[in-house]
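Student: Sequence and predicted structure, then a few things I'm wondering about:
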Amino acid sequence: RKEYVDLHVNYVFNKSVQKPFEDFMQGFLRGCPARNWKIFSPEELQVLLQGYTTFDWHLLEKNVKYRRYEKLDQTIRNFWTVFHKLPEEKKRMFLAFLSGSDRISGYELECFGFCIEDPQVENPDESSPYASTCLLTLFLPR
């Protein structure tokens, strides 16, 4: 019985997918040659491909740049007060709104930053925040 189970498991997990996997690997290595991946440790490669999955939100706040705002402006203080009270899932949703992804990839966490800018609209109470994902800028009306 053990031999039968071992053979069946080997077939299901190895033999039955061998050809599709080889085809995939051939195409993948054509676009991403294996020699280029060898410079990374497994942990670095995982971060490069998947991005960081845990964040230091206070470090993110520290790295923010401001345009037409000062760090101590009431709007900014209110923003960060509310932001830090959000559950983790909502913070990730904000990151996706800002950058187009709920992960930070290709950056050292210490280097990742974004900008909060006052869009200087006529009626800020009638405007909603919006983001430029390309520029990593949050336009936050006063």
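Tutor: Cool, the structure landed.

Student: How about the contacts made by residue 140?
Tutor: By C-beta atoms under 8 Å, 6 or more residues apart in numbering, the contact list for residue 140 reads 69, 75, 76, 79, 116, 117, 118, 119, 129. Using the backbone N, CA and C atoms, a C-beta is placed for each residue, glycine as well.

Student: Can you tell me which helix or strand of the chain has the lowest average pLDDT?
Tutor: Using mean pLDDT, DSSP states H and E, helix 34-37 stands out as the lowest-scoring helix or strand of the chain, at a mean of 76.

Student: who touches whatever helix or strand comes next after that one?
Tutor: Later in the chain than helix 34-37, the nearest helix or strand by DSSP states H and E is helix 42-50. Helix 42-50 is contacted from outside by 37, 40, 103, 105, 106, using C-beta under 8 Å, 6+ apart.

Student: so what's the fourth one closest to, chain neighbours aside?
Tutor: This means residue 105. Sequence neighbours aside, residue 51 is the residue nearest to residue 105 in space, at 3.3 Å (criterion: C-beta to C-beta, 6 or more residues apart in numbering).

Student: Would you mind checking the average pLDDT for stretch 41-61?
Tutor: Stretch 41-61 carries an average pLDDT of 83.

Student: what about dumping the CA coordinates of it to PDB?
Tutor: In PDB, the C-alpha atoms belonging to stretch 41-61 read as follows (Å, rounded to 0.1, in the frame of the first residue of the first chain):
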ATOM      1  CA  SER A  41      19.300  35.400  -1.800                       C
ATOM      2  CA  PRO A  42      15.900  33.600  -1.600                       C
ATOM      3  CA  GLU A  43      14.600  36.300   0.800                       C
ATOM      4  CA  GLU A  44      15.700  39.100  -1.500                       C
ATOM      5  CA  LEU A  45      14.100  37.400  -4.500                       C
ATOM      6  CA  GLN A  46      10.900  37.000  -2.600                       C
ATOM      7  CA  VAL A  47      10.800  40.700  -1.800                       C
ATOM      8  CA  LEU A  48      11.600  41.600  -5.300                       C
ATOM      9  CA  LEU A  49       8.900  39.500  -6.800                       C
ATOM     10  CA  GLN A  50       6.200  39.700  -4.200                       C
ATOM     11  CA  GLY A  51       7.000  43.000  -2.300                       C
ATOM     12  CA  TYR A  52       7.100  43.600   1.400                       C
ATOM     13  CA  THR A  53       4.000  42.300   3.200                       C
ATOM     14  CA  THR A  54       4.600  43.900   6.500                       C
ATOM     15  CA  PHE A  55       5.100  47.600   7.100                       C
ATOM     16  CA  ASP A  56       6.300  50.100   9.600                       C
ATOM     17  CA  TRP A  57       3.600  52.700   9.100                       C
ATOM     18  CA  HIS A  58       5.400  55.300  11.300                       C
ATOM     19  CA  LEU A  59       8.400  55.000   9.000                       C
ATOM     20  CA  LEU A  60       6.200  55.600   6.100                       C
ATOM     21  CA  GLU A  61       4.900  58.700   7.800                       C
END
